[in-house]
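[1] with the input below, show me the fold.
(chains A and B)
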Amino acid sequence: MSVGTLGMIYIFILAIFTGVEVISRVPTVLHTPLMSGANAIHGIVLIGGVILLGMAGDSKVLCALGFVAVILGTLNVVGGFVVTDRMLEMFKAKPPAKPHSDK
Amino acid sequence: MNRLIVPEAACLAASLLFILGLKRLSSPRTARSGNMLAAVGMALALAGTFLLPGMGHFGWILLAIAIGTAPGWLLAKRVKMTAMPQMVSLFNGMGGACALFISLGEWLREAGDGHDLARAFPMLLGIVFGSVSFTGSLVAFGKLQGLISEKPMRWPLQKTGNALLLAVLLVSAAMAPSSQNELWILLPAAAALFLGVAQVLPIGGADMPVVISVLNSCTGLAAAVTGFAMGNMAMIIAGTLVGAAGSLLTVLMCRAMNRSLARVVFGSFGLGPKKGVAAAAQGDQSMREIAASECAIMMGYARKVIIIPGYGLAVAQGQHLVHELEEALEKRGVEVKYAIHPVAGRMPGHMNVLLAEANVPYPKLSDMEEINPEFEQADVALIIGANDVVNPAARSDAGSPIYGMPILKAENAKNVIVIKRGRGAGFAGIENALFYNAKTRMLFGDAKKALQQLVTEVKAL
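    Numbering: from 1, shown residues only, chains lettered A, B, ... in the order given. Sure thing, here's the model as predicted:
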């Protein structure tokens, strides 16, 4: 199943509207996690790196470029998701009970 | 059966999960699961890619993933919340570099059989966006980490130099598809790499929220155009979503500082004549000091206190003490709220994260539009390590460099207490008339120590 360049442009434009629509509802409180979450999502370039390396064949240059790309992409993806999770874990409606607050 | 069905289905599912994940980020309750959904989407897309026909080098791929995972995980687990902006910049730069290498690889793969314009154009864009976000993010990282001066850097012929760099970039990129030498492509790449450095170096620390947003958007676009070059839908959709998110945040940040994007990127904030300083020096006004014990009494017997935290609080590592103060006051029946300016901190929403880390419940964190009408009912506005975001000159003094920037109307509160390190002007070097206001009292000293005293005094009341 393949769409031509025109099909990709359609998808690109629809994705812009979807993105703006979805993201404009994110409250200011969550802007940092939004940014770091988005940061993790553009780590999707990792897929491109994997394809480049996977289809590099015998070319040493392509292998090297792909190998580095996969390392960098993975750093982006893993770091991005883990750090976002760490931040979101902290957002609580009520602070947890603390030992010193009961007196 | 078509061997592409499984990878295509994985890509489709991943794209859906990314959108749903971002949607769930719109409430703190569902946000964490949203991030998880997006991560699952990423795993699916990755797994699907392995099943593409014609793939090889699996050992190398897995090795590279393992090499990337370890430092990514460790850095993400260890980074302090105050260092979040530079961490996000660093990861962002890695993504940009990844897009750069992929586009270069794709370009070289096709170099033998001549370039088809419909494919060459997105590849060139991938190289340019990837390069700019790579070096731009690294410079931003260096500035935020304190490796490079946070001050805006200037050098002779800066604008001419940048324009020249841009010209080299455009011309060499335009000539690249028809060039016989396959190494020609390194010329626009190098120009773009230098351009990333040259564009971010002159931008000051206070403008970092805008820069980070722009660079994030830039890497998103790099991912999207790389997707165009490779015909990969998941990359186009995910990249575009991020590009949209980054652009939206950029617009919000610029609006919060009342500065156009062009002025942030090309302007010279903090270098103009310091009119405000001169004006204040002429007057015979003076700041009125107050002791911590008196502050504690003012707040302890108030009905409503609004705390305005600024980046100075984070620098002094005082977030946990602020929360303690808030709890001590609430126990006395005082209503406490936090007023968060959109550009408090070094990236959009940074202050919220820092306070959340100190266990401040998020319903207490109010943004500017929400809290501004409430200052009139507040008995005390407590300003900690913030300056420009409460400076009335932004509304009254057309000559001020921050004129027109929306501010927190702390001066409407019945009393204003300012915790400040010293008498000097703030980060941007702009004098603040609020500090000389008749209802303002200054509590000089390190934010952390001052807060410690306040907590003790309030508890002793």
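[2] residue contacts, the residue positioned nearest the centre of chain B?
    Nearest to the mean C-alpha position of chain B, by CA atoms, centre = their mean, lies B:M347 at 2.4 Å. Applying CB atoms under 8 Å, 6 or more residues apart in numbering or on different chains to B:M347 gives the contacts A:31-32, A:35, B:84-85, B:88, B:208-209, B:212-213. To be clear about C-beta, it is placed using only N, CA and C from the backbone, and glycine gets the same treatment.
[3] correct me, but B:A10 touches B:A45?
    Yes. In this structure B:A10 lies within contact range of B:A45 using CB atoms under 8 Å: 5.9 Å.
[4] which one of the two has more residues nearby?
    More crowded of B:A10 and B:A45, by other CB atoms under 10 Å in any protein chain shown: B:A45, with 27 against 23.
[5] how about the contacts made by the residue positioned nearest the centre of chain A?
    With distances taken as CA atoms, centre = their mean, chain A has A:I41 as the residue nearest its mean C-alpha position (1.5 Å). By CB under 8 Å, 6+ apart, the contact set of A:I41 is A:80, B:18, B:21-22, B:38, B:42, B:238, B:241-242.
[6] give the closest residue to the residue of the stretch 251-400 of chain B found nearest chain A in space, chain neighbours not counted.
    Closest to chain A within the stretch 251-400 of chain B is B:G349: 2.9 Å, counting by CB to the nearest CB. Nearest residue to B:G349 in three dimensions, chain neighbours excluded: A:H31, at 2.9 Å (CB to CB, 6 or more residues apart in numbering or on different chains).
[7] I figured that neighbour hits B:G345, correct?
    No. Taking contacts as CB under 8 Å, A:H31 lies outside contact range of B:G345: 9.8 Å.
[8] got any ranges where the chain has weak pLDDT?
    Because you didn't say which chain, this covers chain A. Scanning chain A for pLDDT under 70 picks out A:1-2, A:95-103.
[9] if you could check chain B rather than the one you did, that'd help
    For chain B, the ranges with pLDDT under 70 are B:1, B:112-114, B:267-285, B:424-429.
[10] mind listing the strands for it?
    B:304-309, B:335-340, B:365-367, B:380-384, B:415-420, B:440-444 (DSSP state E).
[11] out of those, which one sits most buried?
    Ranked by mean neighbour count under mean count of other CB atoms under 10 Å in any protein chain shown, the strands of chain B are led by strand B:380-384, which reaches a mean of 28.
[12] which residues does that one contact?
    For strand B:380-384, using CB under 8 Å, 6+ apart, the contacting residues are B:298-299, B:302, B:304-310, B:312-313, B:318, B:322, B:339, B:375, B:390, B:410, B:413-419, B:447, B:451.
[13] what's the answer for stretch B:169-186, then?
    B:104, B:107-108, B:111, B:115, B:117, B:120, B:124, B:127-128, B:187-188, B:191-192, B:195.
[14] also stretch B:414-427?
    Contacting residues not belonging to stretch B:414-427 are listed as B:205-206, B:274, B:276-277, B:287, B:290, B:295, B:298-299, B:311-312, B:378-385, B:387-388, B:410, B:431-432, B:434-435, B:437, B:439-447, B:450-451 [CB under 8 Å, 6+ apart].
[15] circling back: what about the residue nearest to B:G349, how many neighbours?
    28.
[16] check the one 3 residues further on too.
    A total of 28 residues lie near A:L34 under the criterion other CB under 10 Å.
[17] name the residues of the strand or helix carrying it that are buried.
    Per DSSP states H and E, A:L34 falls inside helix A:31-41. Across helix A:31-41, burial judged by 16 or more other CB atoms under 10 Å in any protein chain shown covers A:31-41.
[18] same thing with stretch B:298-317?
    Applying 16+ other CB under 10 Å to stretch B:298-317 flags B:298-300, B:302, B:304-314, B:316 as buried.
[19] quick check, nearest of these to B:G59?
    B:A314 (44.7 Å; CB to CB).
[20] pretty sure the closest one sits against B:M84.
    No. Using CB under 8 Å, B:A314 makes no contact with B:M84, being 10.2 Å away.
[21] joint contacts of those two?
    Joint contacts of B:A314 and B:M84 (CB under 8 Å, 6+ apart) are B:H350.
[22] hang on, B:L461 packs against B:A296?
    Yes. Using CB under 8 Å, B:L461 is in contact with B:A296, at 6.3 Å.
[23] out of those two, which sits in the busier spot?
    B:A296 (22 against 13).
[24] who's in contact with B:T135?
    B:93, B:193-197, B:200.
[25] quick check: closest non-adjacent residue to it.
    Using CB to CB, 6+ apart, the closest residue to B:T135 is B:G196 (3.4 Å).
[26] likewise B:I237?
    B:S15 (4.3 Å).
[27] ok, now how distant is that neighbour from A:L30?
    Remark: distance between B:S15 and A:L30 (CB to CB, to the nearest Å) = 22 Å.
[28] likewise A:V77?
    Remark: distance between A:V77 and A:L30 (CB to CB) = 20 Å.
[29] now the contacts of B:T135 in CSV, with neighbour count?
    Formatted as CSV, the contacts of B:T135 follow (neighbours: other CB atoms under 10 Å in any protein chain shown):
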residue, neighbour count
B:G93, 26
B:L193, 23
B:F194, 18
B:L195, 21
B:G196, 27
B:V197, 16
B:V200, 27
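[30] just give the nearest non-adjacent residue to the residue in the stretch 51-200 of chain B that chain A sits nearest to, would you?
    Residue of the stretch 51-200 of chain B nearest chain A, by CB to the nearest CB: B:G68 (2.7 Å). Excluding the flanking residues, the one nearest B:G68 by CB to CB, 6+ apart is A:T74, at 2.7 Å.
[31] would you mind naming what in the stretch 351-461 of chain B lies close to chain A?
    B:352-353, B:356-357, B:359-363, B:365, B:367 (CB under 8 Å from any CB of the partner chain).
[32] just the buried residues from these, in ChimeraX please.
    Listed next is the ChimeraX selection for buried residues among these, using 16+ other CB under 10 Å:
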select /B:352,353,356,357,359,360,361,362,365,367
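[33] generate JSON lines for the residues of the stretch 351-461 of chain B next to chain A, with distance to A:L52 as supplementary columns.
    Listed next are these as JSON lines, based on distance: CB to CB, whole Å:
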{"residue": "B:N352", "distance to A:L52": "38"}
{"residue": "B:V353", "distance to A:L52": "35"}
{"residue": "B:A356", "distance to A:L52": "39"}
{"residue": "B:E357", "distance to A:L52": "39"}
{"residue": "B:N359", "distance to A:L52": "45"}
{"residue": "B:V360", "distance to A:L52": "45"}
{"residue": "B:P361", "distance to A:L52": "46"}
{"residue": "B:Y362", "distance to A:L52": "42"}
{"residue": "B:P363", "distance to A:L52": "47"}
{"residue": "B:L365", "distance to A:L52": "43"}
{"residue": "B:D367", "distance to A:L52": "43"}
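[34] from the residues of the stretch 351-461 of chain B next to chain A, which two are the most distant?
    Pairwise over these, using CB to CB, the maximum falls at B:N359 and B:D367, 19.8 Å.
[35] ok so, going back, can you flag which of the contacts of B:M347 belong to helices?
    A:31-32, A:35, B:84-85, B:88, B:208-209, B:212-213 (DSSP state H).
[36] right, I'll call it a day here.
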